[in-house]
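Enquirer: Coordinates for the following, if possible.
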Amino acid sequence: MQLYGVQLQPKLGMIMEYVEGKNLSDILHDPSISDEQFDWKIRTKIALDIAKGMRYLQSLSPPIIHRDLRSPNIFILSLSDDAEVNAKV
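Expert: This next block holds a predicted model:
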C-alpha cells in the first residue's frame, strides 16, 4: 500500500492509500465466499503478492520491517485469478 504521509504530533498517525474491498481475515471468515471463489490458485497468487510486498519493503535502504504481518493487514483487491495484483500489504 502506498504511504502518503506521517503525522508525529499530537499523536502518531499515517495517511495511506485507500483500498476498496476486504482484508484477508474477513475473506477467510466469510461463509458467503465459496471454495470455488477462493481456490488454491487464488490462494497461491495472494501468498505470492504478500511475499513480493515484503521483499519490496525489505529491499529498501534502510529496509522496512513490517512487524505486524497478519491477515487483517493484508488487503484483497480481487479474487479473480486474472487480476495483476490480488493482495497488498
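Enquirer: Specify the residue positioned farthest from the middle of the chain.
Expert: Relative to the centre of the chain, the most outlying C-alpha is that of Pro10, 27.9 Å out, by Cα atoms, centre = their mean.
Enquirer: Point me to the helix or strand that includes that one.
Expert: According to DSSP states H and E, Pro10 maps onto no helix or strand at all.
Enquirer: got a list of what it touches?
Expert: Listed by Cβ atoms under 8 Å, 6 or more residues apart in numbering, Pro10 has no contact partners. To be clear about C-beta, it is placed using only N, CA and C from the backbone, and glycine gets the same treatment.
Enquirer: Got the phi and psi for it?
Expert: Backbone torsions of Pro10, given as degrees, to the nearest 10, read phi -80, psi -20.
Enquirer: all numbers from here: first residue = 3
Expert: Yes, from this point I'll number from 3; that puts the last item at Pro12.
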